[in-house]
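Participant: take this sequence and fold it.
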Amino acid sequence: MAIAVGNRGSNSIGHAWLRRELSLAVPPPAVESYVAAGARRTEVRGRRIVEQYPRQYATEDSIVAHLRFALRHEPIDLGVLVATFKAIEAADLEAWVRAEPTGAFSRRAWFFYETFTGRMLDLDDARTGNYVPALDPDKHIVGEPRRSRRHRVADNLLGGPGLCPTVRRTPRLTDQMDLRIDRQAWALIESIDAGILARAVHYLFTKETRSSFALEGETPSTARSERFVAALREGGDFDPSDKAALIRLQGDIVDPRYAATGWRTFQNFVGATVEGYREDVHFVGPRPGDVPGLHHVLARRGYSPPGVIFPVSAAILRDRRSYDETLETFSRATLGLIRWRWTAAREIVVDNETADLYRYFDATAFAEYLHDRVADTVRRDLTEELAFIAVFDRACAAVREIVDMPDRRVALFVRLCMQNGGRLSAKKRRLFAELEDVEVDAMQASIGDALADATSGP
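Facilitator: As a prediction, the model looks like this:
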């Protein structure tokens, strides 16, 4: 029934065994399992996890046996799994399913095979057996289940054949999700006056724009920044799965002379110039021909309040080192698997098939990092801006009671004072030459009271 593969002396099992024995050109799984003497134990080695199983877990050296172990005991690594299915004979899977027609693991393997290879096995539809989840919800973050009647499997994947990352249910991510940052954001938004919220959202859009460009090391023109803010305002109605909409969006935020008219047609990469001219390549993107097939969008889950965009770029800037480290969990693992070369025109060309490296990857580190940055954004950027506006408005009202200045003059006076600990600096004092010193003193005192009320709390 199963293909036997010669043992090379390793005690690996499951995904790690499949990757090694089939010489699969994919990154190693985040969780590697081994059979070893002693009790069951788990070792955390940086971002990688090594699971040690007692000797009774040892299995025959066959692809099916190790597939069964992976499906039963390990979080699924789709990169390894899809590469395995593309490397084996369909007849071996067919024999497994016929031998275990109601088996949970055989039916899941059958489902994964047909879903990700696009090839149908010579099998009749399953007619008995309870529906089993494609991904174990105890090991993975999963999507809403959709019934695959042919396999009697509940498809709870986060994507599909075009793009399907997996996210392991780690203790860190579980703790982050239990905080329910989304509920905190909703509660904060619902407690704020609509006018104040609108002003805060405008600020957040502007902050996200500045921070996004800063992450790329760019200083945009005023016109480009305004186009970017306008694009963010339309974010709630934007459909990222619409190719025309994506092209139009890119055209809105770049100089028209450099706007694209379709999908990318050149090979991109991320690198740094060293020695004044040579490029040190850190990451090579998907080949241009693979871009259309890789466009996919995860389901919207109503996580953020409507009309509000969390300025996570600002939070990322505050933790740039972790941001780079998170990106490198992907780029380091894939770069050595990509056969690329420089052309005479100093352009990069990729010579091997690489699309699956970008389609099926473990996104756990990204989920953990992004959740952490969203939490920081809600608790810091959003909360602080709403609080600032409330204090600013109270200070403006108090100042206006002392001198009935035009709104723009009041706002300028308050802003300058708040930037200087509640007092107008000697350099800025001349901007308000029309005011008496006693009036300025009284206005500064009222601003100080507003600031003190904010720090003292309810």
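Participant: pretty sure L337 is in a strand, no?
Facilitator: No - using DSSP: H, G, I helix; E, B strand; the rest coil, the assignment for L337 is coil, not a strand.
Participant: what is the burial count for it?
Facilitator: 14 (other Cβ atoms under 10 Å). (C-beta placed from N, C-alpha, C; glycine too.)
Participant: once you drop chain neighbours, what's closest to it?
Facilitator: Nearest non-adjacent residue to L337, counting by Cβ to Cβ, 6 or more residues apart in numbering: A25, 5.2 Å away.
Participant: got a list of what the one you found touches?
Facilitator: Residues near A25 by Cβ atoms under 8 Å, 6 or more residues apart in numbering: 83, 337, 352.
Participant: least confident pick among those?
Facilitator: Lowest pLDDT of the contacts of A25: N352, 90.
Participant: quick check, that one in contact with R339.
Facilitator: Yes - counting by Cβ atoms under 8 Å, N352 touches R339, with 4.4 Å between them.
Participant: pick the one among the contacts of A25 closest to I447.
Facilitator: Comparing the contacts of A25 against I447 with Cβ to Cβ picks out L337 as the nearest, at 59.8 Å.
Participant: picking up where we left off before, assign the residue nearest to L337 to helix, strand or coil.
Facilitator: Judged by three-state DSSP, the three-state class of A25 is coil.
Participant: roughly how far apart are it and T166?
Facilitator: Per Cβ to Cβ, to the nearest Å, A25 is found 19 Å from T166.
Participant: what secondary structure does the closest residue to L24 other than its chain neighbours sit in?
Facilitator: Among residues not flanking L24 along the chain, A83 sits closest, at 4.2 Å (Cβ to Cβ, 6+ apart). Under three-state DSSP, A83 falls in the helix class.
Participant: contacts only, for A83.
Facilitator: For A83, the contact set (Cβ under 8 Å, 6+ apart) comprises 19, 22, 24-26, 356.
Participant: which of those residues has the largest number of neighbours?
Facilitator: Ranked by the number of neighbours (other Cβ under 10 Å), the contacts of A83 place V26 first, at 24 neighbours.
Participant: skipping its backbone neighbours, what lies nearest that one in space?
Facilitator: Going by Cβ to Cβ, 6+ apart, V26 has G79 as its nearest residue, at 4.3 Å.
Participant: residues of the helix or strand harbouring that neighbour that come out buried?
Facilitator: For G79, the host element (DSSP states H and E) is helix 78-87. Buried residues in helix 78-87, counting neighbours by 16 or more other Cβ atoms under 10 Å, are found at 78-85.
Participant: after that helix, heading C-terminal, what element do we hit next?
Facilitator: Counting by DSSP H and E, what follows helix 78-87 is helix 90-99.
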